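Asker: sequence first, then the predicted structure, then my questions.
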Amino acid sequence: MTLQDPKAHGNLFFIGLMGAGKTTIGRAVAKQLHQPFFDSDHELEARTGVRIPVIFEHEGEIGFRQREAQIISELTQQTGIVLATGGGAVLNAQSRQCLRERGTVIYLHAHPHDLWLRTRGSKNRPLLQTDNPRAQLENLYAMRDPLYRECAHFVIETGRPAASRLVHTVLAQLELL
Ligand SMILES: Nc1ncnc2c1ncn2[C@@H]1O[C@H](COP(=O)(O)OP(=O)(O)OP(=O)(O)O)[C@@H](O)[C@H]1O
Ligand SMILES: O=C(O)C1=C[C@@H](O)[C@@H](O)[C@H](O)C1
Ligand SMILES: [Mg+2]
């Protein structure tokens with residue numbers, strides 16, 4: 001096993017758009033594996049003491065991204081963890097490299113329509129507080145899907161299966177069952 005081998009760290013990192021299920025599936029996978037679970041969004045909220053929309057309001061998306069990159073850099077230095085990243089974490093090239101080299105990266109893929117159905121009840125995603133969140137998700141998908149694919153070791157389709165089934169699929173893909 002080389003130092004660059006993601007399996008050497010025993011880390012699992014979930015990436016994907018808002019509503020892909022990174023937090024939901026990541027937490028359940030961590031429980032199955034008895035590994036500590038982290039979520040970069042929750043970590044950011046814990047450190048700043050405010051919700052994500054407040055960070056966007058005060059520091060803009062640029063300020064939020066700087067904090068996010070710092071947290072990804074720190075969290076990925078651990079071993080044996082499961083990490084759900086924020087949907088935009090892959091926008092930062094250094095974060096993509098940290099994720100790719102320090103663990104096994106799983107892209108939870110979903111189509112914009114499903115993402116819209118899953119996120120439309122929430123007010124905690126500032127980028128979706130627009131007149132047309134559905135179109136916004138389509139734009140974000142077009143921009144980011146190539147970045148998620150570049151960063152991921154595995155892509156898992158999340159369209160139809162229930163979250164519990166997806167946990168099983170992730171573990172099977174990683175040959176951890
Ligand atoms: N496979 C799935 N099928 C149906 N609903 C799902 C699925 N995965 C997640 N959900 C639901 O979609 C919503 C969003 O999921 P979750 O918060 O885990 O997404 P996320 O990828 O962490 O998003 P964000 O990037 O905004 O943090 C939740 O209500 C969750 O229960
Ligand atoms: O996709 C995004 O850019 C975001 C996703 C969320 O997880 C949060 O990190 C925040 O709302 C921004
Ligand atoms: Mg999440």
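Answerer: In hand now; what should we look at? Ligands and ions are numbered 1, 2, ... in the order given.

Asker: and Ala142, how many neighbours?
Answerer: Taking other Cβ atoms under 10 Å as the criterion, the count of residues near Ala142 is 10. Any C-beta I mention is one placed from the backbone N, CA and C, and that applies to glycine too.

Asker: meant to ask about Leu99
Answerer: By other Cβ under 10 Å, 27 other residues sit near Leu99.

Asker: same question for Glu57.
Answerer: Applying the criterion other Cβ under 10 Å, we find 12 residues in the vicinity of Glu57.

Asker: not counting its neighbours along the chain, what's nearest it?
Answerer: Pro126 (7.8 Å; Cβ to Cβ, 6 or more residues apart in numbering).

Asker: okay, that neighbour and ligand 3: tell me how far apart.
Answerer: Using Cβ to the ion, to the nearest Å, Pro126 is found at 14 Å from ligand 3.

Asker: that residue is in contact with Ile52, isn't it?
Answerer: Yes: between Pro126 and Ile52 a contact is recorded at 6.5 Å, counting by Cβ atoms under 8 Å.

Asker: secondary structure class for Thr79?
Answerer: coil (DSSP: H, G, I helix; E, B strand; the rest coil).

Asker: ok, now which ones touch it?
Answerer: Residues in contact with Thr79 (Cβ atoms under 8 Å, 6 or more residues apart in numbering) are His9, Gly10, Asn11.

Asker: make it 10 Å
Answerer: Ala8, His9, Gly10, Asn11, Gln35, Arg102, Gly103 (Cβ atoms under 10 Å, 6 or more residues apart in numbering).

Asker: in terms of pLDDT, where does it sit?
Answerer: With respect to pLDDT, Thr79 scores 96.

Asker: for it, grab phi and psi.
Answerer: The phi and psi values for Thr79, taken as degrees, to the nearest 10, are phi -130, psi 150.

Asker: please determine how far it is located from ligand 3.
Answerer: Separation of Thr79 from ligand 3 (Cβ to the ion) stands at 22 Å.

Asker: can you check Gly103 too?
Answerer: To ligand 3, Gly103 is 17 Å away according to Cβ to the ion.

Asker: what is the neighbour count of that residue?
Answerer: Per other Cβ under 10 Å, the neighbour tally for Gly103 reads 25.

Asker: touching, it and Gln78? I think so.
Answerer: Yes: contact criterion Cβ atoms under 10 Å: Gly103 and Gln78 qualify, at 9.3 Å.

Asker: okay, and the common contacts of the two?
Answerer: Residues touching both Gly103 and Gln78 (Cβ under 10 Å, 6+ apart) are His9, Gly10, Asn11.
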